[in-house]
Structures are given as C-alpha cells and as structure tokens.
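In: below are the sequence and a predicted model for it; my questions follow.
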Amino acid sequence: MPKLGCREGQPLTATERPLTKDSLDRACRILADRDPHLGVSYTRHGTPPLWKRRPGFRTLVQIVLEQQVSLASGRATLKRIEATFGPVTAARLAKAGQEGLRSVGVTRQKARYCALLAEASRAGDLNLRKISRSRDRDAMSALTAFKGIGSWTAEVYLLMALGRPDVWPAGDLALAKAIQTVKQLPERPDEESMRVLAQPWSPFRAVAARMLWHDYLQRDRRVQAP
C-alpha cells in the first residue's frame, strides 16, 4: 500500500485556505477585472454558487464513479451502492468487495478502484483527514499515489470537498466546453492548452473554474451543477 506523503508542519498558505462566500466573491471581482472574457461572464451571471461536497471517503468514491461519465450517471451508481450496502464507508465497501460492487452495476475497473481505496482507508494508508490539512501539492501527491485517483479526481476533490482556491481540473470536459465559449476559441482546448490558458488566473484558478462552470450551466440549464 502507498504511504501518505503529506509533510507535517506545513500550514496552508493564504491562497490555499478554503473558499468562503466572501472570499469567492472577492476573487471573482479580481478575475473579472483581470480578464475581459471572465468580466463579461461575471457581468452577465454574477458570482457562482459556492458548490461544496462534504470531505471524506464517500465524496472521494463518488468522484471516482463520475470519472468519464455524467454527474447524473455517477450519482445514480452511488445511490445503487447505498441502496444495497448502506451509506458508503470504507468498511462497507471493503466488505462488499469488487464482486459486490459489480453486482450493482459498477464497472469492473471502478469496482477495483473503490475496493482498493476502501482497504487503503481501513489500513490507514489513505488518510483524508490528514490530506485536508495538507498543502495543495502534498495533497495532490498523496491522493494520486492510489490506483484509481488521477489528476482530475484529485483536483476535483480539492476543489469541491476542500474548497481550495487555486486547483485547476484541466481534464474536465464541461470546463473545456465553457472556456471555449467564454474565450471564443475556434475549437475546444486540449488538457495541455487548458493549463496554459489558466495560468494568468492563478492564484484563483479554482474560482475561474467555478465562474466558467456557472457560465456553462446558465447557457444550458439542462446540465446539473457539480
């Protein structure tokens, strides 16, 4: 099992502390002044909601289930797991095992990932409480050390569950669509281009992501919020 690589005694910087409604609004106004395209979106739609997910094992599993599928599909799979095995905990998923998860419609690959994460959490190797107190880079390294957690999953966990202001899920499809529209780009940017485009928004790249998602949702109200 991989061991958690977060260093102790490294307090969060001012730009890593969880967003609040006030700090989100301030950051949006800074970005709107800095970037004309975000400024137009901000004038049109205002500050986005402070979307949050509760930190912990259940949320991490839900994000894993949402990999490469719609949010609705991932949420439906999570509900099937809970209907069969009860509220998602490491102990319950470890007991269900890969075959149990497969029996409720979890793909073979994701069933393996969830079972491995459950065992890692029970063994103390995956310590989400410790990760929540770790700086962005250390938290990313700690999460991506586990099979089934790539950059997108770790970035979305830091953004949505931990409220970090400067993570950027460059592999997010809805975000790529939004940035194409807001920036009036001729084609959808790839992941590398997404990271380059987001650099001027640091240290508020997660705030920019929220603004772009908000713009995307306002343009297509059929899409569910993250």
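Out: Yep, it's here.
In: make it CA atoms for all contacts and neighbour counts henceforth
Out: Will do.
In: what ranges does this protein have for its helices?
Out: 21-34, 36-45, 57-65, 71-85, 90-102, 108-123, 128-132, 136-144, 151-156, 173-182, 191-198, 205-219 (DSSP state H).
In: name the surrounding residues that touch the last one.
Out: Residues from elsewhere that reach helix 205-219, judged by C-alpha atoms under 8 Å, 6 or more residues apart in numbering: 24, 27-28, 31, 38, 41-42, 45, 47-49, 159, 164-168, 174-175, 177-179, 182, 198-199, 201, 223-225.
In: residue 185 and residue 202, how far apart?
Out: 21 Å (C-alpha to C-alpha, to the nearest Å).
In: residues contacting residue 24?
Out: 47, 50, 207.
In: repeat that for 10 Å
Out: By C-alpha atoms under 10 Å, 6 or more residues apart in numbering, residue 24 lies in contact with 18, 30, 47-50, 163, 165, 204, 206-208, 210-211.
In: quick check: mean pLDDT of stretch 186-204?
Out: For stretch 186-204, mean pLDDT rounds to 97.
In: how far does that stretch sit from the chain's center?
Out: Its chain's average C-alpha position is 17 Å from that of stretch 186-204, according to C-alpha atoms, centre = their mean, to the nearest Å.
In: list the buried residues of that stretch.
Out: Within stretch 186-204, the residues scored as buried using 16 or more other C-alpha atoms under 10 Å are 188, 189, 194, 195, 198, 201, 202, 203, 204.
In: hmm, residue 164 and the last one touching each other?
Out: Same thing as residue 204. Yes. Using C-alpha atoms under 10 Å, residue 204 makes contact with residue 164 at a distance of 8.9 Å.
In: reformat the helices of the chain as a markdown table; add distance to residue 13.
Out: As requested, the helices of the chain are exported to a markdown table (distance: least, C-alpha to C-alpha, whole Å):
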| stretch | distance to residue 13 |
| --- | --- |
| helix 21-34 | 14 |
| helix 36-45 | 25 |
| helix 57-65 | 24 |
| helix 71-85 | 31 |
| helix 90-102 | 31 |
| helix 108-123 | 27 |
| helix 128-132 | 13 |
| helix 136-144 | 9 |
| helix 151-156 | 17 |
| helix 173-182 | 26 |
| helix 191-198 | 20 |
| helix 205-219 | 15 |
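In: out of those, which is closest to residue 10?
Out: Of all those, the one in closest proximity to residue 10, counting by C-alpha to C-alpha, is helix 136-144 (9.5 Å).
In: what's the mean pLDDT across that closest one?
Out: Average pLDDT, helix 136-144: 98.
In: next: stretch 95-104.
Out: Here stretch 95-104 scores 97 as its mean pLDDT.
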